[in-house]
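Q: Show me how the following folds:
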Amino acid sequence: MPWGETALNAADRNLLQIESLTVMYSQEHGIPVRALERVNLWVAPGEIVGILGESGCGKSTLAHAVVGLMPRSAVIDSGKITLNGVNLLEISEAQLRTIRGHKVSLVPQEPALALNPVMTIGAQIGEVLSAHLLLGRKERKARVVDLLGQMGFDNPGEVAAAYPHQLSGGQRQRIVLAQAIACEPELLIADEPTSKLDGVLRSEIANLLSKLHRKHGMAILLISHDVPLVASLASQIVLMYAGRVVESGSRADLVAHPLHPYGQQLLELARSSSLKAAGVRPVISVIDRDPRERAANGCSFEPRCRERMSVCVESAPKDVQPEPTRTVNCFKYGK
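A: Residues are numbered from 1 along each chain as shown. Modelled structure (predicted):
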């Protein structure tokens, strides 16, 4: 998305458009928890947008909201989620099922939980194809083998006949990716696709996502807390903290010189010499304090910010554009 444009100007050429999305989680005892707060995000056709943020910032909630797979405790308080001009929050579950897996697909964070342990891999991928495409049995079987070949399996026929428990974690990750692209969706949402993998397997999945993007031209919403992964694939980056978008802009801008104090600390952590020396691929971790420990009306990042001001406790900052292609949510750049 051209981040300097307004939602109105960009709407005609965006595949996915999320406007002022607020999601609450109800609790059996206590006040509801705000998981997302007035989130705005746009993805153009064929674009890779990375959502970067530490665990608990609302990334996965956003992913599940787009595909309509929210838990019962979740309530969408306000906002719109538009895919190709259709507001997904206003259509029926039956209509959503025709879109999910066909126009937009989700690669889940836990492939072991997403796969049926008593069905073969081929049958599970075949189910996705049967739900959306009119294919004969032989065509469907050939399509499954082709998809597994695209995932880098040297023996796709054997893998199709296998059960999930017979595969490694990295192989299962590639299986759920094959399911997600089976019907060649226009938008692929990858939710923490490398979080459970080691360094070598993370690189393999990253290369596979890049290859699939080039081959199919699909847009990808890449959700991760892995700074190098997002920086290597995304053309635009959305930085989230405590349910809010605190900065968005091009990869070049955000990686070279993030404006928000949170982004600056994340980059410092990712470039940490101690992590590099240990051979550890840096990811985001807790910096200072729990993000829930903040003034009721203040900036969510204030308790952990090294540049906090009195105004940060008194009220929440608004989005400002200090640069034509960058949006940041911080009092440092305007009231």
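Q: going forward, measure contacts between C-alpha atoms and count neighbours the same way
A: OK.
Q: Break the chain into its domains for me.
A: With domains defined by automatic domain parsing, the chain comprises 7-103+186-333, 113-184.
Q: least reliable of the ones you listed going by mean pLDDT?
A: Per-stretch averages of pLDDT across these put domain 7-103+186-333 at the bottom, with a mean of 86.
Q: okay, now residue 28: neighbour count?
A: Neighbour count of residue 28, defined by other Cα atoms under 10 Å: 7.
Q: now the one 10 residues further on
A: Look at residue 38: counted by other Cα under 10 Å, it has 16 neighbours.
Q: Just the element for it, please.
A: If you go by DSSP states H and E, residue 38 is part of strand 33-43.
Q: Send me that strand as CSV with only the CA atoms.
A: What follows is strand 33-43, C-alpha atoms only, in CSV (Å, rounded to 0.1, in the frame of the first residue of the first chain):
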residue,chain,number,x,y,z
VAL,A,33,-9.8,-7.2,27.4
ARG,A,34,-9.1,-5.0,24.3
ALA,A,35,-7.1,-7.2,21.9
LEU,A,36,-7.2,-4.8,18.9
GLU,A,37,-7.8,-1.0,19.0
ARG,A,38,-8.7,1.0,15.9
VAL,A,39,-6.4,-1.0,13.6
ASN,A,40,-5.9,0.3,10.1
LEU,A,41,-4.1,-1.8,7.5
TRP,A,42,-4.1,-2.2,3.7
VAL,A,43,-2.7,-4.9,1.4
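Q: Strands of the stretch 151-300 of the chain, residue ranges please.
A: With DSSP state E, counting those that start in this stretch, the ranges of strands along the stretch 151-300 of the chain come out as 187-191, 219-224, 236-241, 244-250.
Q: For the residue nearest to residue 314 when sequence neighbours are not counted, which residues are in contact?
A: Nearest residue to residue 314 in three dimensions, chain neighbours excluded: residue 298, at 5.2 Å (Cα to Cα, 6 or more residues apart in numbering). When the contact criterion is Cα atoms under 8 Å, 6 or more residues apart in numbering, the partners of residue 298 are 311, 312, 313, 314, 315, 316, 317.
Q: Tell me how many other residues crowd the closest residue in space to residue 210 that isn't next to it in sequence.
A: Leaving aside its chain neighbours, residue 210 sits nearest to residue 233 (6.9 Å; criterion: Cα to Cα, 6+ apart). Around residue 233 there are 20 other residues, counting by other Cα under 10 Å.
Q: Start the count at 50 instead of 1 going forward.
A: All set: I'll call the first residue 50, so the last point we hit is now residue 282.
Q: What is the neighbour count of the closest residue to residue 150 other than its chain neighbours?
A: Counting by Cα to Cα, 6+ apart, residue 229 is the residue found nearest to residue 150 once chain neighbours are left out, at 6.4 Å. Look at residue 229: counted by other Cα under 10 Å, it has 25 neighbours.
Q: How much space separates residue 229 from residue 247?
A: For residue 229, the distance to residue 247 (Cα to Cα, to the nearest Å) stands at 22 Å.
Q: circling back to that earlier point, for the residue nearest to residue 363, what are phi and psi?
A: phi -90, psi -170 (degrees, to the nearest 10).
Q: just to revisit the earlier point, how far does the strand holding residue 87 sit from its chain's centre?
A: Averaging C-alpha positions (Cα atoms, centre = their mean, to the nearest Å) puts strand 82-92 12 Å from its chain's average.
Q: okay, the angle between that strand and strand 293-299?
A: Interaxial angle of strand 82-92 relative to strand 293-299 (axes from the mean of the first three to the mean of the last three Cα atoms, to 10 degrees): 20 degrees.
Q: partners of strand 82-92, with directions?
A: If you go by DSSP bridges, strand 82-92 pairs up with strand 65-74 (antiparallel).
Q: Between strand 268-273 and the strand it pairs with, find me the angle.
A: Using the same axes, to 10 degrees, strand 65-74 lies at 40 degrees relative to strand 268-273.
Q: Please save the CA atoms from strand 65-74 in PDB.
A: Listed next in PDB are the C-alpha coordinates belonging to strand 65-74 (Å, rounded to 0.1, in the frame of the first residue of the first chain):
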ATOM      1  CA  LEU A  65      -7.500  -6.200   1.700                       C
ATOM      2  CA  GLN A  66      -8.600  -3.100   3.700                       C
ATOM      3  CA  ILE A  67      -9.000  -3.100   7.400                       C
ATOM      4  CA  GLU A  68     -10.400   0.100   8.900                       C
ATOM      5  CA  SER A  69     -10.600   1.000  12.600                       C
ATOM      6  CA  LEU A  70     -10.900  -2.600  13.700                       C
ATOM      7  CA  THR A  71     -11.500  -3.000  17.500                       C
ATOM      8  CA  VAL A  72     -11.800  -6.500  19.000                       C
ATOM      9  CA  MET A  73     -12.600  -7.300  22.600                       C
ATOM     10  CA  TYR A  74     -12.300 -10.500  24.500                       C
END
